[in-house]
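[1] Based on what follows, work out the 3D shape:
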Amino acid sequence: MDNLRYIRRTMERAGSFTAVSGLGGMLMGSTALAAAAGAGRSTGSPRWMAAWIAAAVAALAIGIGAATLKSRRARLPLLSGPGWKFVAGFAPATLAGAVLTAALYRAGMCGFLPGAWLLLYGAAVVSGGSASVRSVPLMGACFMALGTAALALPPQFSNLLLAAGFGGLHLVFGTIIAVKHGG
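    Okay, the predicted model is just below:
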């Protein structure tokens with residue numbers, strides 16, 4: 001029995017996190033497109049911040065809910081070895097993004113937020129996605145490229161780049177994941 005437990009734990013740790021939901025990604029992308037439409041052009045305005053923060057909270061809830069549903073349908077535990085690896089890789093950069101958001105907003109440096117959000121979310125997805133299917137870290141790298149562009153381009157492009165990243169990339173990669181990896 002001890003040998004079987006050892007083999008099971010080893011296989012869980014070696015597996016990949018397959019509960020990433022393509023449909024969930026597409027729904028997350030839809031919240032970002034709605035935020036981009038309602039945020040207005042003024043980066044850092046209360047309306048802009050409220051729209052993007054609300055979209056982030058909604059997307060987080062959608063992502064967790066969709067992963068939970070997908071893992072239940074597959075009859076696999078959500079927080080198995082690969083699931084914990086995903087969370088452990090994803091959480092630090094996400095938490096850093098939340099802290100940096102508060103600091104930059106308080107300092108009146110909101111022009112850096114779109115680039116920071118895209119870069120840090122991309123880093124979170126690359127890191128967490130290392131325990132997932134190949135499309136996930138690739139999506140993270142695309143977010144990082146858009147984050148770099150957001151920091152290099154004038155602020156008037158910020159909302160467009162946020163929509164392209166959090167909206168467009170989630171829609172494209174969500175579709176790929178749904179088709180290739182079910183749901």
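
[2] Please count neighbours and contacts with C-alpha atoms only from this point.
    Will do.

[3] Any idea how far the lengthiest helix in the chain is from the middle of the chain?
    Looking across the chain with DSSP state H, the single longest helix is helix 46-73. Remark: helix 46-73 is offset 9 Å from the chain centroid, using CA atoms, centre = their mean, to the nearest Å.

[4] repeat for stretch 110-123
    For stretch 110-123, the distance to the chain centre is 12 Å (CA atoms, centre = their mean).

[5] Next: stretch 107-119.
    The answer for stretch 107-119 is 16 Å, by CA atoms, centre = their mean.

[6] Quick one: end-to-end distance for that stretch.
    Start and end residues of stretch 107-119 are separated by 20 Å (CA to CA, to the nearest Å).

[7] Provide the contact partners of it at residue level.
    Contacts to stretch 107-119, defined as CA atoms under 8 Å, 6 or more residues apart in numbering, come from residues 43-44, 97, 101, 104, 143-151, 155, 158-159, 161-162, 165-166.

[8] Give me the subset of these that lies in strands.
    Of those, none are assigned to strands by DSSP state E.

[9] Mind checking which of these land in helices?
    97, 101, 104, 143-151, 158-159, 161-162.

[10] In this structure, where is pLDDT below threshold?
    Scanning the chain for pLDDT under 70 picks out the ranges 1-19, 77-79, 81-82, 183.

[11] Kindly recompute the last result at 50.
    Applying pLDDT under 50 to the chain flags the ranges 11-15, 17.

[12] about what we covered before: and the ones in helices among the contacts of stretch 107-119, which two are furthest apart?
    Leu104 and Ala145 (20.9 Å; CA to CA).

[13] which one is Gly89 nearest to, not counting chain neighbours?
    Using CA to CA, 6 or more residues apart in numbering and skipping the chain neighbours, the partner closest in space to Gly89 is Gly128 (4.0 Å).

[14] Now that neighbour: which helix or strand?
    helix 113-129 (DSSP states H and E).
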